[in-house]
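Asker: Kindly return the folded structure for what I paste below:
(one chain, ligands or ions: 2)
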Amino acid sequence: AVRRTTVPQIAARKGGVPIVSLTSYHAHTAAIVDKYADFILVGDSLGMVMHGMETTVGVPLDLMIMHGRAVVRGTKQALIVVDMPFGTYEESPNRAFRNAAKIMKETGCGAVKLEGGKRMAETIHFLVERGIPVMAHTGLTPQSSHVMGGFKTQGRDEDTWAAHEDDAKAVADAGAFSVVLEGMVERLAARITKQIDIPTIGIGASVECDGQILVLEDMLGLNPRPPKFVKVYGDLLNQIESAVATYAEEVKARTFPSDDEVYR
Ligand code: KIV
Ligand code: NA
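Answerer: Ligands and ions are numbered 1, 2, ... in the order given. Okay, here's the model as predicted:
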């Protein structure tokens, strides 16, 4: 049996071979990603991608647990990280511990991720001390999009850099094993990567980060309007459309099912 990538193995990749990561919410796709990714994130972006929500704010804990369990079942190699959804960890370290423990027990994942810098440092420390590995997430934090007035690239104004740098230092000092830097200007992400001793995972950030992550459906070409920072490596939208269109024609023409697809 192949042993899964561990949290210390990810932490040890600081400044080394870049860490490969993608999201997955689904057993069959996770099994493919598992062959190539060091860790797989069951992101709360599943609210938008899988369930048609406008933001991630409405994602319930049980939904994260259902998808987390599916991805753990579908994989054997990658570290599985599950997002803590909005409203399940911000209030207090105790509440965060209770919900993070529930996620870990019910999914079998190896770590959780939560959004926020300085303001979440105490909670990150509390969880890590009690056996829950935490990946942090700073910069553009989609769960705060209502406060920020949308999904806004961070660090365009250099006066804000110190605050972002303090956030990244705070989560590293608190014991996070890694931090996602999302949606920030390239030079800021590169600076933060040099300043802290845990791996940074970039999304809309910098090639200088210690690793990269993308939403799987975005990079596969399933999102009709992908954000600028996505490189589209696949053509799923067109492939699915042409498969469905061909199927529809064959059903109507009675050419499907053919002899091959029926029991004689
Ligand atoms: O929910 C998500 O997919 C994420 C990644 C984009 C980092 O948090
Ligand atoms: Na997320």
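Asker: Need the phi and psi values for the residue nearest to Ala70 when sequence neighbours are not counted.
Answerer: In this structure, Ala70 finds its nearest non-sequential neighbour in Ala27, 4.7 Å apart by CB to CB, 6 or more residues apart in numbering. Bear in mind the C-beta positions are built from the backbone N, C-alpha and C, glycine included. Dihedral pair for Ala27: phi -60, psi -50, per degrees, to the nearest 10.
Asker: ok, residues contacting the helix or strand of the chain with the lowest mean pLDDT?
Answerer: Lowest by mean pLDDT, DSSP states H and E among the helices and strands of the chain is helix 145-148, with a mean of 93. Residues from elsewhere that reach helix 145-148 (CB atoms under 8 Å, 6 or more residues apart in numbering): 55, 57, 140, 151.
Asker: now stretch 48-59
Answerer: Stretch 48-59 is contacted by residues 25-26, 44-47, 63, 67, 85-86, 142-143, 145-146, 215, 217, 223 when judged by CB under 8 Å, 6+ apart.
Asker: and the residue nearest to Ala70, what pLDDT?
Answerer: Note for Ala27: predicted pLDDT of 98.
Asker: hmm, back to that, so what secondary structure elements neighbour the following helix or strand past the least confident helix or strand of the chain?
Answerer: Once the chain leaves helix 145-148, the next helix or strand it forms, by DSSP states H and E, is helix 161-174. Secondary-structure packing of helix 161-174 (3 or more CB pairs under 8 Å, 6 or more residues apart in numbering; DSSP states H and E): helix 121-129, strand 134-139, strand 178-182, helix 186-195.
Asker: Now whatever residue of the chain ends up closest to ligand 1, what are its backbone angles?
Answerer: Among the residues of the chain, Gly43 lies nearest to ligand 1; the distance is 2.4 Å by CB to the nearest ligand atom. Phi and psi for Gly43, reported as degrees, to the nearest 10, are phi -80, psi 150.
Asker: List the contacts of it.
Answerer: 23, 25, 83, 113, 215.
Asker: Can you list the buried residues in the biggest helix by length in the chain?
Answerer: Across the chain, the helix with the greatest residue count (assigned by DSSP state H) is helix 236-252. Neighbour-count burial for helix 236-252, counted by 16 or more other CB atoms under 10 Å, picks out Leu236.
Asker: Put the alpha carbons of it into CSV.
Answerer: Output of helix 236-252 as CSV, limited to C-alpha atoms (Å, rounded to 0.1, in the frame of the first residue of the first chain):
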residue,chain,number,x,y,z
LEU,A,236,-14.1,19.6,-21.2
LEU,A,237,-16.9,22.0,-22.0
ASN,A,238,-16.7,21.3,-25.7
GLN,A,239,-16.0,17.6,-25.2
ILE,A,240,-19.1,17.2,-22.9
GLU,A,241,-21.2,19.2,-25.2
SER,A,242,-20.4,17.2,-28.3
ALA,A,243,-20.8,13.9,-26.5
VAL,A,244,-24.2,14.9,-25.2
ALA,A,245,-25.3,16.2,-28.6
THR,A,246,-24.2,13.0,-30.3
TYR,A,247,-26.0,10.9,-27.7
ALA,A,248,-29.2,13.0,-28.2
GLU,A,249,-29.0,12.4,-32.0
GLU,A,250,-28.4,8.7,-31.6
VAL,A,251,-31.3,8.2,-29.2
LYS,A,252,-33.7,10.0,-31.6
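Asker: Phe229 and Met184 touch, don't they?
Answerer: No - taking CB atoms under 8 Å as the definition, Phe229 is not a contact partner of Met184, at 10.3 Å.
Asker: quick one, which of the two is more surrounded?
Answerer: Neighbour count, other CB atoms under 10 Å: between Phe229 and Met184, Met184 has more, with 26 against 14.
Asker: residues touching the more buried one, list them.
Answerer: Counting by CB under 8 Å, 6+ apart, Met184 has contacts 139-140, 153-155, 164, 204-205.
Asker: Quick check on those: which are buried?
Answerer: By neighbour count, with 16+ other CB under 10 Å, the contacts of Met184 hold 139-140, 154-155, 164, 204-205 as buried.
Asker: For those residues, could you give me TSV that also reports distance to Pro93 and pLDDT?
Answerer: Output for those, formatted as TSV (distance: CB to CB, whole Å; pLDDT from 0 to 100):
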residue	distance to Pro93	pLDDT
Gly139	23	98
Leu140	24	97
Gln154	26	97
Gly155	28	97
His164	23	98
Gly204	30	98
Ala205	28	98
